[in-house]
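Undergrad: when you get a sec, could you give me coordinates for this:
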Amino acid sequence: MTSLVRLITVIMAVGLVASCGSDRQESRLELFSRIGANWRTSLSDTEQQSNAAQLRAAVPALLEQVPAPMILMTQRTINGAGIFVLNTEIGNYRVFSSSDDMTVTLEGGVLAETRRLGDDLMSSENGPLPSLLATRSEGDYQRVLRTLDGEGHEISVMYDCRLSQTAPDRMIENCTTPGRAFKNVYEYIPGAPLLARSEQWLSNDHGHLSIEHLRH
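TA: This is a model prediction of the structure:
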């Protein structure tokens, strides 16, 4: 096993050692963050630029050694990537954390919130979208996405959206509002109601997030 794989494995394993108690959870996150920082510091500039490819190469070993739900997230516009492990699950919401304290919250697979990604999605109202995706049903609905402006003020934008099935295991979401529009893609595990991957809009600066479910 390469040193990169060993380091990532240690980072992920640390996240599974502590219980869900608040004090031990805090210690887990601190240790998770420190090891992740040491790993990033050890990479050369060239290695950092190929981070996405290196992370993908490490995935098989991680899946063997870390018995937890995890996702691989890629931001093509800034050439960034990270592996996120399930931190908290409340109802239909799942919060995934990275080694450097970034978080992605999914509501039934739909992007609901982000933190520390830059130009974050502060909160959202996704309407019936998670339920439609769970049953592979088409439909029309509205979504509200909340971000911050340059002065830290919250901006809420309502979109009119349409979810359509374009292939047996693929659905497309088109959302529009005056002066803005985006398209999201949701792809399923063949023959299952679970998402395999998705391309979901984050912001004008960061574009789409590619979210691949490594383990549900």
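
Undergrad: and the pLDDT at Val66?
TA: pLDDT, the model's per-residue confidence, is 78 for Val66.

Undergrad: before we move on, what about Ala57?
TA: pLDDT, Ala57: 84.

Undergrad: cool, and Leu4?
TA: With respect to pLDDT, Leu4 has a value of 43.

Undergrad: pLDDT below threshold where in the protein?
TA: 1-51, 78 (pLDDT under 70).

Undergrad: all strands of it, in order?
TA: With DSSP state E as the criterion, the chain has strands at 70-75, 80-90, 93-97, 103-107, 110-115, 123-125, 139-148, 154-167, 170-177, 180-188, 195-203, 207-215.

Undergrad: now those as TSV including mean neighbour count?
TA: (Glycine included, C-beta is placed from N, CA and C.) Formatted as TSV, the strands of the chain follow (neighbours: other C-beta atoms under 10 Å):
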stretch	mean neighbour count
strand 70-75	21
strand 80-90	18
strand 93-97	20
strand 103-107	21
strand 110-115	20
strand 123-125	16
strand 139-148	16
strand 154-167	14
strand 170-177	17
strand 180-188	17
strand 195-203	20
strand 207-215	19
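
Undergrad: minimum distance to Ser131: which of those strands has it?
TA: strand 139-148 (8.9 Å; C-beta to C-beta).

Undergrad: counting contacts, what elements does that closest one pack onto?
TA: Here strand 139-148 touches strand 123-125, helix 129-135, strand 154-167, going by 3 or more C-beta pairs under 8 Å, 6 or more residues apart in numbering; DSSP states H and E.

Undergrad: do that again at 6 Å, thanks
TA: strand 123-125, strand 154-167 (3 or more C-beta pairs under 6 Å, 6 or more residues apart in numbering; DSSP states H and E).

Undergrad: identify the residues contacting the first one?
TA: Spelled out, that is strand 123-125. Ala112, Glu113, Val144, Leu145, Arg146 (C-beta atoms under 6 Å, 6 or more residues apart in numbering).

Undergrad: ok, the fourth one touching Met158?
TA: No: between Leu145 and Met158 there is no contact, the gap being 8.3 Å when judged by C-beta atoms under 6 Å.

Undergrad: tally of neighbours for Asp149?
TA: 8 (other C-beta atoms under 10 Å).

Undergrad: how about Ser137?
TA: Ser137 has 12 nearby residues by other C-beta under 10 Å.

Undergrad: domains for this structure, by residue range?
TA: Following automatic domain parsing, one gets these domains for the chain: 1-67, 68-216.

Undergrad: what do Leu145 and Met158 both touch?
TA: With C-beta under 6 Å, 6+ apart as the test, Leu145 and Met158 reach no residue in common.

Undergrad: if we can go back for a sec, mind putting the strands of the chain in JSON lines, distance to Leu63 included?
TA: Below are these laid out as JSON lines (distance: least, C-beta to C-beta, whole Å):
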{"stretch": "strand 70-75", "distance to Leu63": "8"}
{"stretch": "strand 80-90", "distance to Leu63": "10"}
{"stretch": "strand 93-97", "distance to Leu63": "15"}
{"stretch": "strand 103-107", "distance to Leu63": "19"}
{"stretch": "strand 110-115", "distance to Leu63": "23"}
{"stretch": "strand 123-125", "distance to Leu63": "29"}
{"stretch": "strand 139-148", "distance to Leu63": "32"}
{"stretch": "strand 154-167", "distance to Leu63": "27"}
{"stretch": "strand 170-177", "distance to Leu63": "24"}
{"stretch": "strand 180-188", "distance to Leu63": "19"}
{"stretch": "strand 195-203", "distance to Leu63": "14"}
{"stretch": "strand 207-215", "distance to Leu63": "6"}
